[in-house]
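Asks: Requesting a structural model of the entry that follows:
(chains A, B, C and D)
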Number of protein chains: 2
Amino acid sequence: MIVAVNKVRLVDVAREAGVHTGTASRALNPAAREEVSPQTVRRVERAARKLGYVPNTLARGLRTSRSFVVALVVPDITNPLFPHIVRGAEQVLAESNYTLVLTDTNNDPKTERSQVAAMRARGVDGFIIATARWKDPVLDELAEAEVPTVLVNRRNDAARFPYIGGDDRHGIEMCVEHLEQLGHRAILHLAGPSDTSTGRERTSAFRQAMRSRRLPIGRAVVECPSYTEQAGADAVNAALERGTSFTAIVAANDLLAIGAKEALAEHGIECPRDVSITGYNDADFMHRLTPAFTTVRVPLNSMGALAAKTLLAWMGGNHPELSAQTLLPVELMQRGTTASARLISHLPTGDRAASGGTVA
Amino acid sequence: MIVAVNKVRLVDVAREAGVHTGTASRALNPAAREEVSPQTVRRVERAARKLGYVPNTLARGLRTSRSFVVALVVPDITNPLFPHIVRGAEQVLAESNYTLVLTDTNNDPKTERSQVAAMRARGVDGFIIATARWKDPVLDELAEAEVPTVLVNRRNDAARFPYIGGDDRHGIEMCVEHLEQLGHRAILHLAGPSDTSTGRERTSAFRQAMRSRRLPIGRAVVECPSYTEQAGADAVNAALERGTSFTAIVAANDLLAIGAKEALAEHGIECPRDVSITGYNDADFMHRLTPAFTTVRVPLNSMGALAAKTLLAWMGGNHPELSAQTLLPVELMQRGTTASARLISHLPTGDRAASGGTVA
DNA sequence: TGGGGTGACACAATCGATTGCGGCAAGACT
DNA sequence: AGTCTTGCCGCAATCGATTGTGTCACCCCA
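Replies: Presented below is the predicted three-dimensional model:
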């Protein structure tokens, strides 16, 4: 019922050129072309062009066990973070005649597992993984099978693969520094999920930045179960309810920051008048919100590109230093959601009395 | 240098179970399982599980010429429009054990061509195409080769494939109606590229809506060469320079609308105080801008899902009505960028004299 | 008791390209 | 003139699974 992809096979080309398929194969393969006389090469090439020959990649892959396909696994393509990584990787891979296929796991470890398995069965040559969880059995399996794999954006606990990410520690450090210079001392951190390296790393960086400035930490870290607006809002509400006071928020992610801002607004707390907020990633639209968000720009495109380059090198035989962790420089985009600290506490009036003021 | 995907082949399973590979194959294939005795099926299954057998999809595909892969081709994954379509399609396909691979053509017809060719050589079972241009030779080739293909979001001139889109005519109609009710009569249309069906369709709908309301058209349609902010800004500047006056803008796309708003702002023209603007698509962040954008919500997820269903049916043998054009209902999201018309002209003072006032 | 079914498997061809090996012929060298 | 290279190409195995056809044993029934 489904017609063949293309009726023209190598034998047809060979017959047209009056040679054996083996010869035709070599003539068409740049790497083996010297084993064939120049005239024959030309005859075969002409025949191939005339017949519109396109090689069957499945058959080739079956024989050579190389497919020139790499899979990029992302947790959620609707997250504005990932399209840029995809773009960067794709451009690099295309130059080397690799095809990039993208699979979205919908943030579900089960889906991730089956997608990776499907891709492996399909003979992809390598993986770029942007879904790494801190403990990630899928990655362990890939490592076990020695499948060329590069981690991007997130890494896992066992550094068995090269990793390309942004310099999270420095990014968070800059946020805290920026806020401190604006006079903030009571700073809340909306932490990312602790099963992601970004969550852990940024939180750890936050603590360190606070400590080194002798700023109080106390209950200033609130973990969010996911990188969503809802989670950000929930976290802020939780902090407010238990009476933590703060004049600034360092969010581990733009979406958390947006959720936080909206939750505050519902309590009549305005940003940046009452509370300053920093995001993370600088998603496309962050600069266009009102006020524009102060956030950390991460070189997503370069990350994707570098991940692809690293993977290409590996697949080309240059086994990389597996524990190589490359951190690309990030940039603090100072915009409208951060302003000088005011001295008053920002708890809703009703809660003021109950406030234990963990962060005074 | 690259290890095999999986050392366990069907012969290994067969040997372990003490049967021939043919038998093992049938035992593992739900469709042919009746041809094998129940005990043998169990023995083979046990052996497969014990050895951790995963079938080699390449080999299978080579023999059966089915890969259970469909390719979704998008022009630009960073355009917030597409991730939702991807999501919708993916969910449906996953249920039928199909794998979705995504390829981004970077808005380049050449890339599109080579990507599609690569996918075909790779034996994908079908295509969902979101990159259709109005004249699109790639689509003609696919039609020629009778490759199962469904168009989504954009279609082409020759309706040789099923198409799933939003009801663009109605969407634009609602914009114009909304603006008219607010008292606008001089309405500018920022048209999409005329090599896309969305551009053509929406423009045509705009003209019709204006005509049927006896509103003046004149030079009210400005074509934008691409769906980008820059193009939107350029178009508005061009209209301003040549002296077209207007109190409202119907943009063919959200990005155009954003660019238009910014260009107006540079001329001191405020939205919605001086000019009302409607967008199209309702990208994720449109409701969060200030003012929130009035725009048309398109059921992207459903479009992707329906496209996938249609394609599945086709690949399953239900040859669809090729010219079936399905339009899903859209919804006008009335928000902050549209307001009552004021009666003054909104040209920059300097230009006022030169204004021919095409739309008076 | 023998002809005809039938169920359960084995055999081997097949998908389309790649590649080690061997053969043949022309030219080089002693 | 005979042997050795060397270049060019054909032969056939191979990748791993699917599937049409063949075979054998067993059973039914006349």
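
Asks: Look up how far B:N237 lies from the residue most central in space within chain A.
Replies: Averaging the C-alpha coordinates of chain A gives a centre point, and the residue nearest to it by Cα atoms, centre = their mean is A:N153 (3.8 Å). A:N153 sits 38 Å away from B:N237, going by Cβ to Cβ, to the nearest Å. Where you see a C-beta, it was placed from the backbone N, CA and C, and this is true even at glycine.

Asks: just A:N237 next, same as before
Replies: Here A:N237 is placed at a distance of 45 Å from B:N237 (Cβ to Cβ).

Asks: coming back round to it: surely the residue nearest to the centre of chain A is in contact with A:I85?
Replies: Yes - using Cβ atoms under 8 Å, A:N153 is in contact with A:I85, at 6.5 Å.

Asks: so what sits against both of the two?
Replies: Jointly contacting A:N153 and A:I85 under the rule Cβ atoms under 8 Å, 6 or more residues apart in numbering or on different chains are A:A130, A:M303.

Asks: How confident was the prediction at the nearest residue to A:R297 once chain neighbours are set aside?
Replies: Residue nearest to A:R297 in three dimensions, not counting chain neighbours: A:D282, with 3.9 Å by Cβ to Cβ, 6 or more residues apart in numbering or on different chains. Among the per-residue scores, A:D282 holds a pLDDT of 97.

Asks: where's A:D282 relative to DNA strand C, distance?
Replies: Noted for A:D282: a distance of 44 Å to DNA strand C, by Cβ to the nearest atom of the strand, to the nearest Å.

Asks: State the distance from that residue to B:L256.
Replies: Separation of A:D282 from B:L256 (Cβ to Cβ) stands at 23 Å.

Asks: With A:R46 instead?
Replies: For A:R46 relative to B:L256 (Cβ to Cβ), the value is 48 Å.

Asks: ok, these two, which is more surrounded?
Replies: Counting neighbours by other Cβ atoms under 10 Å in any protein chain shown for A:R46 and for B:L256 shows that B:L256 has the greater number, 31 against 13.

Asks: could I have the helix or strand that contains that one exported to CSV, CA atoms only?
Replies: Using DSSP states H and E, B:L256 falls within helix B:254-266. Coordinates of each C-alpha in helix B:254-266 appear next as CSV, following Å, rounded to 0.1, in the frame of the first residue of the first chain:
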residue,chain,number,x,y,z
ASP,B,254,1.7,38.2,16.8
LEU,B,255,5.3,39.1,16.0
LEU,B,256,4.2,41.5,13.4
ALA,B,257,1.9,43.1,15.9
ILE,B,258,4.6,43.5,18.4
GLY,B,259,7.0,45.0,15.9
ALA,B,260,4.2,47.4,14.8
LYS,B,261,3.5,48.5,18.4
GLU,B,262,7.2,49.2,19.0
ALA,B,263,7.5,51.2,15.7
LEU,B,264,4.5,53.2,16.6
ALA,B,265,5.9,53.9,20.1
GLU,B,266,9.0,55.4,18.5
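
Asks: A:T57 reaches B:R122, doesn't it?
Replies: Yes - with contact defined as Cβ under 8 Å, A:T57 and B:R122 form a contacting pair (4.7 Å).

Asks: Name the SS class of the closest residue to DNA strand C within the stretch 201-350 of chain A, please.
Replies: Across the stretch 201-350 of chain A, the shortest distance to DNA strand C (Cβ to the nearest atom of the strand) belongs to A:G317, at 14.3 Å. Taken by DSSP: H, G, I helix; E, B strand; the rest coil, the conformation at A:G317 corresponds to coil.

Asks: and it, how many neighbours does it have?
Replies: A:G317 is surrounded by 8 other residues when neighbours are defined as other Cβ under 10 Å.

Asks: Could you do the one 3 residues further on as well?
Replies: Other residues near A:P320 come to 14 when the count uses other Cβ under 10 Å.

Asks: which residues sit in contact with the residue nearest to A:P272 when sequence neighbours are not counted?
Replies: Distances taken as Cβ to Cβ, 6+ apart place A:A339 nearest to A:P272, at 3.8 Å, with adjacent residues excluded. Residues touching A:A339, when contacts are defined by Cβ under 8 Å, 6+ apart, comprise A:L182, A:P272, A:R273, A:S276.

Asks: right, and the first one touches A:S276 too?
Replies: Same thing as A:L182. Yes - here A:L182 reaches A:S276: they are 6.5 Å apart, a contact under Cβ under 8 Å.

Asks: Who has more neighbours out of the two?
Replies: Between A:L182 and A:S276, counted using other Cβ under 10 Å, the more crowded position is A:S276 (27 against 16).

Asks: could you show me where the strands are in chain A, in order?
Replies: Under the criterion DSSP state E, chain A carries strands at the ranges A:69-74, A:99-104, A:126-129, A:149-152, A:163-166, A:187-191, A:221-223, A:248-251, A:276-278, A:295-297, A:325-328, A:331-333.
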